[in-house]
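>>> coordinates only, sequence not included:
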């Protein structure tokens, strides 16, 4: 069983693109990963000298907000260590990015209606990456939970697009019920 935490950047209409990243973690390693990441988060909080709710990469890398007073080399080391944490634990990374301008220009009547929404398009792409990564594994259905940061309304719409009912069952094309992703 895996949990895939998905977060996005560039979610404002004024942003040129939307980037969505998923980090699937095996639940048997979840507690260990949480503890080890907690150490990194504590280190970041000690640098920042305030209680942090989350780490914003753009603020760390470019020294924005409270990160402005942190030495650039310290910020660089923290970003490097965060990347090493993912690599050392052999976590996969799912990534998608879409250019808003190109998406608007490339609309075509043969595409499903949800493709006009950049968030839904990226989220479906992440879900398809999960499916592709697990397609050759035995008993691969219903083994990954997608957890999206915020955007509850669109997450509900995503569930509809993926054919997942509120009770967790999938809706199949032949009318039978199955398990979700």
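Arrived safely, thanks for sending. Just so you know, these numbers come straight off a predicted model, no measurement behind them.
>>> mind listing what's buried in stretch 112-124?
114, 117, 118, 119, 120, 121, 122, 123, 124 (16 or more other Cβ atoms under 10 Å). The way it works is simple: take the backbone N, C-alpha and C, and place the C-beta from them, glycine included.
>>> From residue 13, how far off is the third one?
Counting by Cβ to Cβ, to the nearest Å, the gap from residue 118 to residue 13 is 9 Å.
>>> Now the common contact residues for the two.
Contact criterion Cβ atoms under 8 Å, 6 or more residues apart in numbering; residues shared by residue 118 and residue 13: residue 100.
>>> Could you save the buried residues of stretch 112-124 as a markdown table and add columns showing pLDDT?
Below are the buried residues of stretch 112-124 laid out as a markdown table (pLDDT from 0 to 100):
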| residue | pLDDT |
| --- | --- |
| 114 | 86 |
| 117 | 91 |
| 118 | 93 |
| 119 | 93 |
| 120 | 93 |
| 121 | 93 |
| 122 | 94 |
| 123 | 94 |
| 124 | 94 |
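>>> Relative to residue 44, which of those residues is nearest.
Residue 44 lies nearest to residue 122 out of these, by Cβ to Cβ, at 26.3 Å.
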